[in-house]
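Undergrad: Fold the following for me, if possible:
(chains A, B and C)
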Amino acid sequence: MRNTLATQPIFELSKPGRRAARFPKSDVPVRPIEDLLPERCRATTPPPLPEVTEPDVVRHFTNLSTLNMSVDTHFYPLGSCTMKHNPKRNERLANLPGIADLHPYQPDDTVQGLLQLLHELQGMFAEISGLPAVSLQPAAGAHGELTALMVAAAYFDDLGEKRTKVLTPDSAHGTNPASARMAGFDAVTIKSDSRGLVDLEDLRSKLDDQVGVFMITNPSTLGIFDDQVADIADLVHKEGGLIYLDGANMNAILGIARPGDFGADMMHYNPHKTFSGPHGGGGPGAGPICVTEKLGPYLPAPVVCQHDGRFALDYDRAKSIGRVRAFFGNVGVLVRAYCYILTHGADGLRRASENAVLNANYLLSRVKHILPVPHGDRCMHEFVATAGELKKTKGISAMDIAKRLLDFGYHAPTVYFPLTVAESMMIEPTESESKETLDAFAAALFRITDEATELLHDAPHTTAISRPDEVQAARKPVLKWTSA
Amino acid sequence: MNPDELLFAETHEWAKVNDEDGAKVATVGISAFAVEQLTDLVYMELPSVGATVEAGKEFGEVESVKAVSPLYSPVTGEIVAVNAGLPDSLETLNSDPYNAGWILKVKLADESSLAKLLDSAAYQKQCAEEG
Amino acid sequence: MPYTFNTPEDQHAMLDAIGAASIDDLFAPIPDSLRLERPLDIPAAMGELELTQHMQALAAKNEHAGQKTCFLGGGSYDHFVPAVVDAIASRGEFYTSYTPYQPEVSQGNLQVTFEYQTLICQLTGMDVSNASLYDGGSAAVEAVLLCMSVTKRSKVVTTASVHPEYRQIIETYFTHLDAELITVGSPAGIVSIEELEEAVDDDTACVLLQQPNFFGCVEDAERISGIAHEHGALFVVSCDPISLGQLKRPGDLGADVVVAEGQSLGSPMQFGGPYLGIMACREKFVRRMPGRIAGQTTDRRGKRCWVLTLQTREQHIRREKATSNICTNQGLFALRAAIYLSALGPQGLREASELCLQKSRYAIEQLVADERFELAFQQPTFKEFVIRDTKGKVADVLAECSESGILAGIPLSTWYPNLSDCFLVAVTEKRTKHEIDQLADSLTRASVDDSVVSV
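TA: Predicted coordinates:
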């Protein structure tokens, strides 16, 4: 039973005079506000926020939470997002007062434990990537990309080279070209070949001494490991360029292969994916980057260093690109990643990747008869299936299937990405799901593709809302609540 | 306007040239085929009167919910009028793309670009191949 | 292997179904030459108990704000967080969900985002808010990029009284763009109006001001807004959300874009992040706004609901032409801010901000009672202020206070060589009279000790 009274916009629950929080009377002598603030800057009334009680707040937001699917409640095979289990221990440990209640400008000698943790984490990220120099500062994956491209630009400046172009495959995440432009490069797209890998011919034709960086996602957004990656790296390096690895899909290769060993000069991690997040309803993430020794001097300051058993923030970095974020970085997210890595150890991380890849391949083998996978029978941690045939024969689109899955109690896969596959469904089960769940999910897909087309066009049928009108939302945007 | 009397760019814009006070002025819009391909349009940004456009170059954009499509000018010249009400009633592009759905009027600086445009029959053929 | 399910039997059955001989077989696409032929060199796995003990031991090596009295600010503050914020934000339905790609099963997150956007508009007096950015600093740089895009101008004027790290971020972003950052001095603790008038011209995209500024002083925002607008430049204000219980809203002072660090709104300090980047602007700039935005619509049955909208601005559609490369928002921290602002309401916000104001004023009086210490800038302040040690021994004084259990302030020498004898003190509503008196005592003691030593 849904409580629709409590889930009205909180502004409609407001009644003058109600309130949740009260602060104590001042224990210092109170002076007239007029003596403290000049009239020109003083507000006569406080902002018109809603007036509600604590029970209102609790019931409102608690009921809203039940309108979400989440990893805690549902199978969430959202491709490219690595929606794995978010360990409860990580939440508790990141919220220890000795971690959560630290001010970023506390003297180093009052935060030795945290600096030790961050220093160890720099080492772990370096070891897992095979790239020795680490910055924990970027706030998200896209921010890591931008930071690394700035590092590359600073490196080329230092060499006296003006390189203007960044190459990205057509299957790349949109952040790649967007980051390239923000770092002052022109983004150039490289085609994929029929196997979904980088088209080497196209790469060769676009490679010259103006290319600064080739950004590659490997394993790719199609869930394929591009075995040409070392050759690609050789080609790019011969022209003096650098390889950037978008680490979005690191969950497939932990302890199995390292970007630094297959030719990458720079990479970012998405700790909210690979190292168990959580995803927070859209964030926060973090975007730590790892680079080769020669690029290390250009990383943002500060980094954590160790001298004689003491840990300190090192700001003295003459070649650094500067800051990309205030304070240190998304420490709360990094602490959870640290807990995740320590929970697993070397063997555990490797086995997490092995099971992620096993689960994806198993699910692929179960569903390929009804949802063909154009790029082969094997995959890494995820695969991209297509509803193209179903669309032609029965008029069922990837969107219809996605919507109907919600009725069966599954979050939908990523649909219509990557753009290189028609009616695409990108499915990533992760390692933290059982064979039983995968079997049940496959069974749901079988049933759905057998259902009446009309039923699917109107799906979902059991959710709080169905098929919101996005055209209306975009044509006449209503972006905040106003009183009727 | 009757679509059979219009000239079309391969990029799906149309133009109709008239004599106005001794000058050649082209009315410019987008084809019914393009509107259908773009699905429900939600936003359009128009250039200003007085700006110049060049044949084959971008002069604006139309957006659907999940796509952005550039608009390329079929002609070269100075913009003398824009259909200012169009962005607020984009459904007009669906209902009447060749009349009420016009986008720009351009005083031609150079007529040579007209030669590169397709007549209605040739354009229909191109659409049939694309569709 | 604490979070996987597959037993050896499961694995066999699954490999059979796949037609693979072994798990290793699945990794065949990775050439042997590219494989790691040894185990990763990272510490051995820990069970939950071991990990907890390990983390507790690390945490014990830190001195947190519950142990030491925290007078540190500079963009991160020790404000009170009502229990209701943690109780709701720790629901797994919120923190283990993701971006609302499927609105039908994300109405909770979408409605929260829509309410957050509304609350931010109410708080700042602006027309529209996005769903949030990384933090206050990244919001500031995104705001100036927005202004450059709108005005097609490449010069940004800011002031020395804007958070120095925010200015450093802008410098970093500008390195490889065709853009120039000009910083006007603030010798009296607020920006020099004469210098500002000289710096702003018809090539200026925007003026970026912080209110209250990094020194805690209240700037004459309305006048600065006028100077920007006279030249067709936009006016960007980076504000302290808590101050808006007392100070005029930036939207009422002519701001075109408002940014803020939202950590004060119900989030822990966490050594600097994750935080909440607030960004709001005038309606006419909404299509240049970076980041996600939720909008209201109706579903196929006519029911009111919410979706992500205006997505053509974003990188997944527009790629290199997007308004920004930003992809995620800080959903969980936007949620915390929404709960916090709902729980406080107008009266609660007013009370919290008045306590900051009164207590910081009281603190100033107590600290300058010792004539060694003086208020560096004779300006109205809100919750932070700059104290000058006339003996110029800031590091010693702060170290001594730290030993007596007080984080007394932030030395300004790092960013302002000419203020190397000064430190920044923040007083939130959490600081009691007793704690403020102790701060004054320990400064005085430091002062006395120092005179003893120097004799």
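Undergrad: May I see the buried residues of the longest helix along chain A?
TA: Scanning chain A for the longest helix, with DSSP state H as the assignment, gives helix A:331-367. Within helix A:331-367, the residues that count as buried by 16 or more other C-beta atoms under 10 Å in any protein chain shown are A:331-346, A:348-367. The way it works is simple: take the backbone N, C-alpha and C, and place the C-beta from them, glycine included.
Undergrad: now do stretch A:402-411
TA: Per 16+ other C-beta under 10 Å, stretch A:402-411 contains these buried residues: A:402-408, A:410-411.
Undergrad: element containing residue 219?
TA: Went with chain A since none was named. Counting by DSSP states H and E, no helix or strand carries residue A:219.
Undergrad: and residue 91, how many neighbours?
TA: Because you didn't say which chain, this covers chain A. Look at residue A:91: counted by other C-beta atoms under 10 Å in any protein chain shown, it has 17 neighbours.
Undergrad: Wait, chain C was what I had in mind.
TA: A count of neighbours around residue C:91, defined by other C-beta under 10 Å, yields 20.
Undergrad: how close does residue A:52 get to residue A:20?
TA: Going from residue A:52 to residue A:20 by C-beta to C-beta, to the nearest Å gives 6 Å.
Undergrad: Overlap in contacts, these two.
TA: With contacts taken as C-beta atoms under 8 Å, 6 or more residues apart in numbering or on different chains, residue A:52 and residue A:20 have C:342-343, C:345 as neighbours in common.
Undergrad: So, low pLDDT: which residues of chain C?
TA: C:1, C:450-455 (pLDDT under 70).
Undergrad: let's go with 80 and repeat that
TA: C:1, C:317, C:447-455 (pLDDT under 80).
Undergrad: Would you mind listing what in it touches chain B?
TA: Within chain C, the positions adjacent to chain B are C:287, C:311-312, C:317-318, C:321 by C-beta under 8 Å from any C-beta of the partner chain.
Undergrad: Closest one of these to chain B?
TA: residue C:312 (4.5 Å; C-beta to the nearest C-beta).
Undergrad: pretty sure that closest one is in a helix, no?
TA: Yes - under DSSP: H, G, I helix; E, B strand; the rest coil, residue C:312 falls within a helix.
Undergrad: Which residues are in contact with the spatially most central residue of chain C?
TA: Nearest residue to the geometric centre of chain C (C-alpha atoms, centre = their mean): residue C:261, 3.0 Å. Applying C-beta under 8 Å, 6+ apart to residue C:261 gives the contacts A:326, C:75-76, C:135-137, C:139, C:238, C:240-241, C:275-278.
Undergrad: all helices of the stretch 351-484 of chain A, in order?
TA: With DSSP state H, counting those that start in this stretch as the criterion, the stretch 351-484 of chain A has helices at A:388-394, A:398-407, A:435-450, A:453-457, A:470-475.
Undergrad: any chance of those helices in JSON lines, plus mean pLDDT and distance to residue C:100?
TA: Shown next, in JSON lines, are the helices of the stretch 351-484 of chain A (pLDDT from 0 to 100; distance: least, C-beta to C-beta, whole Å):
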{"stretch": "helix A:388-394", "mean pLDDT": "95", "distance to residue C:100": "25"}
{"stretch": "helix A:398-407", "mean pLDDT": "98", "distance to residue C:100": "12"}
{"stretch": "helix A:435-450", "mean pLDDT": "97", "distance to residue C:100": "21"}
{"stretch": "helix A:453-457", "mean pLDDT": "96", "distance to residue C:100": "21"}
{"stretch": "helix A:470-475", "mean pLDDT": "94", "distance to residue C:100": "12"}
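Undergrad: for those helices, which one sits closest to chain B?
TA: Closest among the helices of the stretch 351-484 of chain A, using C-beta to the nearest C-beta: helix A:470-475, at 3.8 Å.
Undergrad: Quickly list what residue A:266 is bridged to.
TA: When bridges are called by DSSP bridges, residue A:266 pairs up with residue A:244, residue A:291.
Undergrad: Does it touch residue A:132 like I think?
TA: No - counting by C-beta atoms under 8 Å, residue A:266 stays clear of residue A:132, with 11.8 Å between them.
Undergrad: which one of those two has more residues nearby?
TA: residue A:266 (30 against 17).
Undergrad: any idea how far the more buried one lies from residue A:154?
TA: 12 Å.
Undergrad: With residue A:281 instead?
TA: Relative to residue A:154, residue A:281 is positioned 35 Å away (C-beta to C-beta).
Undergrad: out of the two, which sits in the busier spot?
TA: The residue with more neighbours, out of residue A:281 and residue A:154, is residue A:281; 32 against 21, by other C-beta under 10 Å.
Undergrad: all helices for chain C, in order.
TA: Counting by DSSP H, chain C has helices at residues C:8-18, C:23-26, C:48-60, C:83-89, C:92-95, C:107-124, C:136-151, C:164-174, C:193-199, C:221-230, C:315-318, C:331-367, C:394-403, C:433-454.
Undergrad: In CSV: those, plus mean neighbour count and distance to chain A.
TA: Converted to CSV, those look like this (neighbours: other C-beta atoms under 10 Å in any protein chain shown; distance: least, C-beta to the nearest C-beta, whole Å):
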stretch, mean neighbour count, distance to chain A
helix C:8-18, 15, 4
helix C:23-26, 16, 5
helix C:48-60, 16, 3
helix C:83-89, 18, 5
helix C:92-95, 22, 3
helix C:107-124, 27, 4
helix C:136-151, 25, 4
helix C:164-174, 22, 4
helix C:193-199, 16, 14
helix C:221-230, 18, 6
helix C:315-318, 20, 4
helix C:331-367, 25, 3
helix C:394-403, 18, 6
helix C:433-454, 16, 4
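Undergrad: any chance of the ones you listed in CSV, with distance to residue C:421 too?
TA: Formatted as CSV, the helices of chain C follow (distance: least, C-beta to C-beta, whole Å):
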stretch, distance to residue C:421
helix C:8-18, 67
helix C:23-26, 65
helix C:48-60, 35
helix C:83-89, 39
helix C:92-95, 45
helix C:107-124, 35
helix C:136-151, 27
helix C:164-174, 17
helix C:193-199, 23
helix C:221-230, 28
helix C:315-318, 46
helix C:331-367, 14
helix C:394-403, 6
helix C:433-454, 14
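Undergrad: now, among the buried residues of stretch A:402-411, which is nearest to residue C:152?
TA: residue A:402 (40.5 Å; C-beta to C-beta).
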